[in-house]
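Colleague: model the following, please.
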Amino acid sequence: MKLNLKMPNDLKFAYQNELKKYKEALAHNNDSLAWHHLERAHIIGQYHPVSHTGVHFRMFVFGIRKFDFNEILGQFVRMSFGWIGSLFNRIPVGNTGSATVPIFAPMPIPEDLKTLLWNADTDAKGLSGFK
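Modeller: Down below sits the predicted model:
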């Protein structure tokens, strides 16, 4: 069984870049762009427990900031349990992590991230991860 403990450098760089863009958008009060970058960070980071939980924590804080009870509750659940799927490489590939989408629903990987996530198992039969 494969455990995803260490994030490869290319994923780490892309994940951190999305978080940087998230912070920049927040600084400019552009909430929709900030959320967009959080979702992209989730797509990249969901394969590893620390980054996965970290992005859900940021989404949780964002929900508090927006007084969005659905997002707050949804992110609390995802923060509490999402890391388990990441650890055991059982995640819904491409899922944006928002409380508005089903927790276990695989979603298409954005075109510009497909090269980065080239070995993601995109079989939409259920939960998957890296091949």
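
Colleague: low-confidence ranges, the protein, go.
Modeller: Within the chain, the ranges that satisfy pLDDT under 70 run 1-3, 121-131.

Colleague: which positions in stretch 9-23 come out as buried?
Modeller: With burial defined by 16 or more other CB atoms under 10 Å, the residues of stretch 9-23 counted as buried are 11, 14, 15, 18, 19, 21, 22. From N, CA and C alone the C-beta is placed, and that goes for glycine too.

Colleague: so what's the most centrally placed residue in the chain up against?
Modeller: By CA atoms, centre = their mean, the chain has its centre lying nearest to residue 42, at 1.4 Å. Listed by CB atoms under 8 Å, 6 or more residues apart in numbering, the contact set of residue 42 reads 52, 55, 56, 59, 95, 96, 97.

Colleague: so of the buried residues of stretch 9-23, which ones are in strands?
Modeller: Among the buried residues of stretch 9-23, no residue falls in strands (DSSP state E).

Colleague: and residue 44, how many neighbours does it have?
Modeller: 27 (other CB atoms under 10 Å).

Colleague: what of residue 26?
Modeller: So residue 26, with other CB under 10 Å, has 18 neighbours.

Colleague: could you export the strand or helix carrying it as CSV, CA atoms only?
Modeller: Using DSSP states H and E, residue 26 maps to helix 9-27. Provided in CSV are the C-alpha atoms of helix 9-27 (Å, rounded to 0.1, in the frame of the first residue of the first chain):
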residue,chain,number,x,y,z
ASN,A,9,8.9,19.4,-5.4
ASP,A,10,6.9,20.2,-8.6
LEU,A,11,3.6,19.7,-6.8
LYS,A,12,4.8,21.7,-3.8
PHE,A,13,5.9,24.6,-5.9
ALA,A,14,2.6,24.7,-7.8
TYR,A,15,0.6,24.4,-4.5
GLN,A,16,2.5,27.2,-2.9
ASN,A,17,2.1,29.3,-6.0
GLU,A,18,-1.6,28.9,-5.9
LEU,A,19,-1.6,29.9,-2.2
LYS,A,20,0.5,33.0,-3.0
LYS,A,21,-2.1,34.0,-5.7
TYR,A,22,-4.8,33.4,-3.2
LYS,A,23,-3.2,35.7,-0.7
GLU,A,24,-2.7,38.4,-3.4
ALA,A,25,-6.3,38.2,-4.5
LEU,A,26,-7.4,38.5,-0.8
ALA,A,27,-5.2,41.6,-0.4
